[in-house]
Each structure stands twice: as structure tokens, then as C-alpha cells.
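Student: Give me coordinates for this.
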Amino acid sequence: MENIANNKASKGIVYLVGAGPGDPELLTLKAARLLERADVVIHDGLVSQEILDLASPSARLVSVAKKRSRHSVAQDQINQILIDEAAKGNLVVRLKGGDPFIFGRGGEEADDCIAAGVAVEVVPGISAALGCAAQARMPLTHRDASSAVSFVAGQCKGLSDQNWSGLAGKGRTLVIYMGVANAEAIVEKLIADGAAPDLPVAVLENGTRDNFRAIRTLLTDLGDLVRRENVQSPALLVVGEVARYGDAENKFREFAELAGVVA
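Tutor: Presented below is the predicted three-dimensional model:
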């Protein structure tokens with residue numbers, strides 16, 4: 001890496017780098033070193049300012065932030081920016097929240113770079129699921145509660161047509177990315193696909209950041225909780241018995257009486 005980083009290649013190179021869920025101290029050493037040497041940093045909106053501040057003073061920072069239902073830069077445009085910058089001989093860091101290959105579209109970017117003859121390397125990061133759960137001291141697997149974990153996206157097109165049967169229930173943990181805005185629909189879908197209404201759920205908001213919150217309830221109450229607590233993205237939904245685990249200050253919230261079910 002030293003040779004590549006210190007000697008600008010004639011064709012440049014693109015690094016797809018995971019920035020983790022927010023805390024700059026959770027960056028990998030390789031990610032931090034690449035930021036120090038980058039010519040161009042193309043970053044998502046979820047990347048914290050503290051992490052961007054680690055970039056070389058001479059690096060050019062390009063935001064390609066996206067928001068729900070309002071993509072400022074289309075994905076194919078982002079892919080082309082990576083290719084064009086590398087073609088100029090730049091060391092390009094494509095900085096993504098979490099891990100590039102978990103709901104980060106890193107695969108699409110890597111494919112387009114390779115097709116264009118651009119060298120590309122993936123630098124993994126701590127995923128949002130791992131970072132958020134760790135801060136809440138919530139094990140995603142536990143010998144007494146869960147032996148399997150699934151990751152799904154909560155805002156994909158055709159949500160109602162997807163088969164989530166068996167993903168949430170006894171002995172299983174389901175982590176839902178980008179699910180806050182569709183919380184009501186997700187509840188309906190999970191129950192329709194066989195999940196019990198009294199299944200524990202945790203909402204993990206702003207993971208690894210100073211304003212982190214872990215809020216617990218029952219599946220049937222999830223939509224109401226999101227409204228009551230004014231939950232904002234970035235936030236993850238964790239469905240399963242592991243949602244009962246965590247810090248004493250974030251005790252499981254019993255809404256069984258409100259929801260009319262037994263916890």
C-alpha cells in the first residue's frame with residue numbers, strides 16, 4: 001500500500017473504504033492511512049465530520065450524499081466520477097458509512113471500475129449493525145437467544161413482495177437497515193410472514209455517536225414508538241430476543257398492556 005499511496009500511478013486507483021458507523025476511532029488503520037494520502041475523497045452523507053477531518057489537507061472532498069426519495073447524485077454518476085478521477089492518476093478514496101459491501105452499493109461501484117479498467121480495492125469497515133449493537137451491549141447472537149442473524153433493507157422496492165418468512169422468531173435475529181420510514185409496513189409484513197406480535201424489538205439510533213439511543217418495545221408497537229420518540233435516521237431495527245439485552249439504563253420497555261399482547 002505504501003508504494004501505491006506515495007507514488008501516484010499513471011491510471012490511479014480507487015479504494016472503496018468503510019468508514020464505520022460514525023466514531024472515527026472505529027476506522028481501520030488502513031482506512032485512516034489511505035485518508036491521509038488521498039488525492040480525492042468521495043464521501044456519503046453518513047460519514048461524520050470527525051472522519052472527514054482525517055483526510056489530507058490537500059485532498060479534495062466531494063460529497064455525494066443521498067437522502068430518502070431525493071438522490072442528489074445518481075449512482076451511475078457516482079460510478080463515473082470514480083472512474084474519471086482515477087483516470088487522472090488520482091488516489092481516490094470512496095468513503096462509505098459502515099461497510100462498502102453491506103447495503104453500500106460497493107459491488108456496483110467495483111464492477112463499473114473494473115469494467116473501465118480502473119484498479120479497485122475494497123477496505124472493509126465495521127458495519128452499522130455491529131457498531132450499534134456493540135454500543136448497546138446487545139449481542140446479535142447469544143447461546144440463550146439467537147444462533148442466526150439476517151440483514152435486510154427496509155426501504156427496497158417491492159417490500160411487500162419479499163419473503164421474510166423465518167427471518168425473525170425464536171432463536172433468530174433480524175437486523176433491518178433503512179427501516180424507520182417504513183416501520184408500520186415492516187410490522188405488518190413481519191406479522192403476516194409469521195412473526196409473533198410480542199417479539200422484542202430494539203431501535204438503535206445514531207450508533208457509536210454521542211447522541212446514541214437504544215429504545216426497546218414489542219413488534220406490534222414499533223410504528224407507534226417511532227412516532228412517539230421521533231426516531232430519526234440513521235437508525236437500525238433489531239428484531240428478536242436479543243433486543244432484551246443491553247445496558248441497565250436502556251431496559252426493555254414493556255408495551256404489552258398498551259399493545260394488548262403478552263411480552
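Student: Do a quick rundown of the helices in the stretch 51-200 of the chain.
Tutor: 75-87, 106-115, 128-135, 183-192 (DSSP state H, counting those that start in this stretch).
Student: Please name every helix or strand in contact with the first one.
Tutor: Just to be clear, that refers to helix 75-87. strand 13-18, strand 40-43, strand 91-96, helix 106-115 (3 or more C-beta pairs under 8 Å, 6 or more residues apart in numbering; DSSP states H and E). For glycine as for every other residue, the C-beta is placed from the backbone atoms N, C-alpha and C.
Student: who wins for proximity to residue 129 among these?
Tutor: strand 13-18 (12.5 Å; C-beta to C-beta).
Student: circling back to that earlier point, mean neighbour count, the helices and strands packed on helix 75-87: which tops it?
Tutor: Among the helices and strands packed on helix 75-87, strand 91-96 has the highest mean neighbour count (mean count of other C-beta atoms under 10 Å), at a mean of 28.
Student: what lines up beside that one in the sheet?
Tutor: Strand 91-96 has the following sheet partners, assigned by DSSP bridges: strand 13-18 (parallel), strand 40-43 (parallel).
Student: For those, could you give me TSV that also reports mean pLDDT and distance to residue 244?
Tutor: As requested, the strands paired with strand 91-96 are exported to TSV (pLDDT from 0 to 100; distance: least, C-beta to C-beta, whole Å):
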stretch	mean pLDDT	distance to residue 244
strand 13-18	98	29
strand 40-43	98	36
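Student: Among these, which comes closest to residue 50?
Tutor: Closest among these, using C-beta to C-beta: strand 40-43, at 12.5 Å.
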